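Participant: coordinates for the following, if possible.
(2 chains)
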Amino acid sequence: MKINVNVNVNGQDVSEEVEPRTLLVDFIREKMKLTGTHVGCDTTQCGACTIHLDGVAIKSCTILAVQAHNRSITTIEGISKNDELHPMQISFKENHGLQCGFCTPGMVMAGIDIRRRKPTIEEDELRLELEGNICRCTGYHNIVKSILNAKM
Amino acid sequence: MYEFQYHKASSINEVKEKISSLNDPKIMAGGMTLIPTMKQRLAAPSDIIDLSNINELKGISKEKGFIIIGAMTTHFEVHTSELVKKEIPSLAFLAGLIGDPMVRHRGTIGGSVANSDPSADYPSSVISLGAKIITDKREIESDEFFIDLFETALDDDEIILSLKFPIPNKSAYMKFPQPASRYALVGVFISDTKEGIRVGITGAGPCAFRSKEIEKALSKNFTESAIENVNIPSENLNSDIHASAEYRAHLVKVMAKRAIKKLS
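Facilitator: Reported below is the predicted structural model:
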């Protein structure tokens, strides 16, 4: 039996019928057609599916879409304003914080969340904070640099 | 994932009604274990009862020598709570070692304790601090709570409301994380409580347990060297590709020493 879900996606109120077993990441990608949020591992480890639920970073592969009912989500598509990149995105660009780019949406969303919680975070702690985001190009060095230097 | 029906409960009574009327329901706290388990089709409940809307299950308070943590309080909230950091800093420290930030934003203390994962962090603290598990039916002593692998003293229809941690004189937690998953390969929680030294071990056995051997040694001599000659039997410990039972027994001593070092 499908359930109605009302959720604010990137500032827009959306109402959709979903099966209870639909994962939030599938709702975002398949229903909303917002394919910037990636599915890397589907086992809560890699962080490519990281989004913000009411402003807090979560892994969208490990929450049901129905659990987001009456809540707000922000995906990678929702962080730029009027075609202007988010400071975190600018920093990833300037510091070459990516190689293949697959983990990047999750890294950017996690990075924004980390800097929100810890504005003056230092490198050692940041590396620990990133333990839930995996980059298989092993490009952590520039990712760390990008998050540390984002002007936010 | 197999199909199921979803229910968001707004009170404990509603949860109880649903449990008694539905076919094969499962309660969901943060879902950090349940959802991955259902994805792998290792669990296939007919119904999910989501506890996330029940406000009485959330929050942290202090009451007559106890820190009381609501079952639906997240790891992130415990980790960053000023009250927990002040009264039981080792517990706040432990919560910050669970999973990763995104998992800590969703996962809950009640869910972790009810699941009795052999390598979860919280059970060691529950046992070591001598916490009481408050349910909708009764109060369960920590020594009687963890029974076996993913098995606790909870009845099928019993719901954890909160955990009541006695504030210790001092306590420390050290874990050797499994390098990939960050679950505890072995974790040792040592507390100097009103009832004496209590040592909770996770990761090593089928479920968290007390190490009476280390407790005895530390009661006489609260130093790292007291642990040196303790014999940790490996017969009933876990053995898998990550670590043999003997290695886990060894790690128990190493982590215990590190915890003592942290306290002195």
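
Participant: switch to C-alpha atoms for all contacts and neighbour counts from now on
Facilitator: Fine.

Participant: and chain A, which residues reach chain B?
Facilitator: Within chain A, the positions near chain B by Cα under 8 Å from any Cα of the partner chain are A:1, A:20-21, A:43-45, A:50, A:56-59, A:62-63, A:129-132.

Participant: so which of those residues belong to helices?
Facilitator: When DSSP state H is applied, these are split such that A:Glu129 fall in helices.

Participant: any of the residues of chain A next to chain B buried? List them.
Facilitator: Among the residues of chain A next to chain B, the ones that count as buried by 16 or more other Cα atoms under 10 Å in any protein chain shown are A:20-21, A:43-45, A:50, A:56-59, A:62-63, A:129-132.

Participant: strands - which of the residues of chain A next to chain B land there?
Facilitator: Mapping the residues of chain A next to chain B onto strands (DSSP state E) picks out A:Thr50, A:Val56, A:Ala57, A:Ile58, A:Lys59.

Participant: now tabulate those in a markdown table and tack on pLDDT.
Facilitator: What follows is those, written out as a markdown table (pLDDT from 0 to 100):
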| residue | pLDDT |
| --- | --- |
| A:Thr50 | 98 |
| A:Val56 | 98 |
| A:Ala57 | 98 |
| A:Ile58 | 98 |
| A:Lys59 | 98 |
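
Participant: now, which of those sits nearest B:Asn55?
Facilitator: For these, the residue nearest B:Asn55 by Cα to Cα is A:Val56; the value is 18.8 Å.

Participant: give me the domain ranges for chain A.
Facilitator: Here the domain parsing of chain A from automatic domain parsing is A:3-78, A:87-149.

Participant: distance to B:Asn53 for those - can I get that in a markdown table?
Facilitator: Below are the domains of chain A laid out as a markdown table (distance: least, Cα to Cα, whole Å):
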| stretch | distance to B:Asn53 |
| --- | --- |
| domain A:3-78 | 10 |
| domain A:87-149 | 24 |
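
Participant: read off the pLDDT value for residue 18.
Facilitator: Here I'm looking at chain A. Per-residue pLDDT puts A:Val18 at 97.

Participant: ah, no, chain B please
Facilitator: Per-residue confidence (pLDDT) for B:Lys18: 97.

Participant: element containing it?
Facilitator: Secondary structure from DSSP states H and E places B:Lys18 in helix B:12-21.

Participant: may I have the secondary structure class of B:Thr157?
Facilitator: Residue B:157: Asp, not Thr. Secondary structure for B:Asp157, judged by DSSP: H, G, I helix; E, B strand; the rest coil, is coil.

Participant: measure it to chain A for me?
Facilitator: Noted for B:Asp157: a distance of 22 Å to chain A, by Cα to the nearest Cα, to the nearest Å.

Participant: right, and that residue touches B:Lys18 too?
Facilitator: No. If you go by Cα atoms under 8 Å, B:Asp157 and B:Lys18 don't touch, sitting 9.8 Å apart.

Participant: now do the shared contacts for the two.
Facilitator: With contacts taken as Cα atoms under 8 Å, 6 or more residues apart in numbering or on different chains, B:Asp157 and B:Lys18 have no neighbour in common.

Participant: please say which of those two ends up with more neighbours.
Facilitator: When neighbours are counted by other Cα atoms under 10 Å in any protein chain shown, B:Asp157 and B:Lys18 differ, and B:Lys18 comes out ahead with 20 against 16.

Participant: how many neighbours does B:Glu224 have?
Facilitator: Neighbours of B:Glu224 (other Cα under 10 Å): 18.

Participant: for the one 3 residues further on, same thing?
Facilitator: Residues near B:Ile227, counting by other Cα under 10 Å, number 23.

Participant: cool, and B:Glu235?
Facilitator: Applying other Cα under 10 Å, I find that B:Glu235 has 11 neighbouring residues.

Participant: tally of neighbours for the closest residue to it other than its chain neighbours?
Facilitator: With sequence-adjacent residues excluded and distances taken as Cα to Cα, 6 or more residues apart in numbering or on different chains, B:Glu235 is closest to B:Ala245, at 7.3 Å. Using other Cα under 10 Å, the number of residues around B:Ala245 comes to 18.

Participant: again with B:Gly205
Facilitator: As a burial measure, B:Gly205 scores 22 neighbours (other Cα under 10 Å).

Participant: can you check B:Lys216 too?
Facilitator: Per other Cα under 10 Å, the neighbour tally for B:Lys216 reads 18.

Participant: next, find the distance separating it from B:Ser264.
Facilitator: Computed as Cα to Cα, to the nearest Å, the B:Lys216 to B:Ser264 distance reads 18 Å.
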